[in-house]
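Participant: Any chance you can model this:
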Amino acid sequence: MLAVMFHNVIGEMLDPYDRTLARIHGNRFERVIANCMEHYDIVPFGEAMARMKAGEDTSRTLTITFDDGFAGVYEVARPIMAWLGLVGTVFIMTGQADSAPTGQLMEFEWLEIGLRLTSSQVLEFPWLGLDVLDVSTVPARVKGLRLIKQVLKRQVAPVRQESMARILAALGISPEAIAAHADNSIRYRKLSSSQVWELLAEGWTIGGHTRSHTSLRGLDKSVLKYEVEGNADDLAVGFGLRNIPFAYPYGTPGDMDRYAKEAVRAAGFSAAFTTNPGCNGHSTDLFELCRYSDVALLSQGGSPVRERRHSFNEES
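Facilitator: Residues are numbered from 1 along each chain as shown. The predicted model follows:
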């Protein structure tokens, strides 16, 4: 069984901040999915899992997933997929009163919007190992965003949160201004509860994605429980959802460990996706499922890579 991962699908003109993995234009999304239909049997998550567990040949079975719960999935991707007769899976954060990620900004979205709005021309972050960053042009800001994210991703969650606060202060943009910008842009707006209910009614699968989209590796047990079990509880209370799939935030081996995997299983999730590319078979650990982000390979009918057997139990 193959799975492909998207994040947001937007109908607005793309700009230099819009990396393909994070955002794809609706027109391109439609072409990619239509091309995939020529090479793969695209099915809902539940059917793909049933085929895999039954030991069927699922090398040409594909399921479509979206991380982070963006409103663009409902507003742009859903009509396209409905026209093609398809449904997908959306992994959502909770932690809000209505158990949907409405208004919830992820940490790197704060950073991206701050760089979009700042009037600064040069930034200095020697404590990050980045002495001088030119942010006088949009290409320079995009490059700076990438460099800062590379550093922050190597930090444990509490340190990263402190670093983010210092960076945002240096940008000179208020949290209120960042939140207002996000509310007015499909690039950042998240699903509402009513949109989640409509997706469920149309046969979509809703899965968990923690409460705040934090990397799960090395977390204190109480924080890990809050993020994973809390996410499961939110979705059960808010939407009556149980025994549903989960997607690890960021999803690389460096963003999780065996404790995270055990927490996801203990919380009652049925399976969990990583961001490791590969083909899933009957011997694949259900809590280490692989996904492609290389939509170009899939849309061209490329040969899947061999089933991946890396285990998160192997600590690095």
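Participant: going forward, measure contacts and count neighbours with C-alpha atoms only.
Facilitator: OK.
Participant: Pairing-wise in the sheet, spell out the partners of the residue most central in space within the chain.
Facilitator: Geometric centre of the chain, nearest residue: Asp67, 3.1 Å, by Cα atoms, centre = their mean. Taking DSSP bridges as the rule, Asp67 bridges to Phe91.
Participant: Kindly report the same for Leu2.
Facilitator: Beta-bridge partners, per DSSP bridges, of Leu2: Leu62.
Participant: so it touches Asp57, yeah?
Facilitator: No: contact criterion Cα atoms under 8 Å: Leu2 and Asp57 do not qualify, at 11.1 Å.
Participant: Those two: which has the busier surroundings?
Facilitator: Each of Leu2 and Asp57 has its neighbours counted (other Cα atoms under 10 Å); Leu2 has more, 27 against 12.
Participant: Now for Met164, how many residues are close by?
Facilitator: The burial count for Met164: 19, using other Cα under 10 Å.
Participant: how close does it sit to Gly26?
Facilitator: Relative to Gly26, Met164 is positioned 31 Å away (criterion: Cα to Cα, to the nearest Å).
Participant: How about Ala179?
Facilitator: The separation that Ala179 has from Gly26, given Cα to Cα, amounts to 24 Å.
Participant: For those two, indicate the residue with more neighbours.
Facilitator: Per other Cα under 10 Å, whichever of Ala179 and Gly26 has more neighbours is Gly26, with 21 against 18.
Participant: how close does the more buried one get to Gly85?
Facilitator: From Gly26 to Gly85 the distance is 16 Å (Cα to Cα).
Participant: all helices of the chain, in order?
Facilitator: For the chain, the helices defined by DSSP state H occupy 26-39, 45-53, 71-72, 78-83, 107-117, 138-152, 157-171, 175-183, 193-201, 221-239, 258-266, 295-299.
Participant: Please convert those helices to TSV, extending it with distance to Met93 and mean pLDDT.
Facilitator: Converted to TSV, the helices of the chain look like this (distance: least, Cα to Cα, whole Å; pLDDT from 0 to 100):
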stretch	distance to Met93	mean pLDDT
helix 26-39	23	92
helix 45-53	19	95
helix 71-72	13	96
helix 78-83	19	97
helix 107-117	13	94
helix 138-152	21	93
helix 157-171	17	88
helix 175-183	16	91
helix 193-201	12	97
helix 221-239	7	94
helix 258-266	14	95
helix 295-299	24	58
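Participant: Of those, which is nearest Thr214?
Facilitator: The closest of these to Thr214 is helix 157-171. By Cα to Cα, the value is 7.0 Å.
Participant: Just name whatever secondary elements the closest one is in contact with.
Facilitator: Here helix 157-171 touches helix 107-117, strand 122-125, going by 3 or more Cα pairs under 8 Å, 6 or more residues apart in numbering; DSSP states H and E.
Participant: Format those as TSV; extra columns: mean neighbour count and distance to Ser193.
Facilitator: Putting those into TSV (neighbours: other Cα atoms under 10 Å; distance: least, Cα to Cα, whole Å) gives the following:
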stretch	mean neighbour count	distance to Ser193
helix 107-117	19	21
strand 122-125	15	39
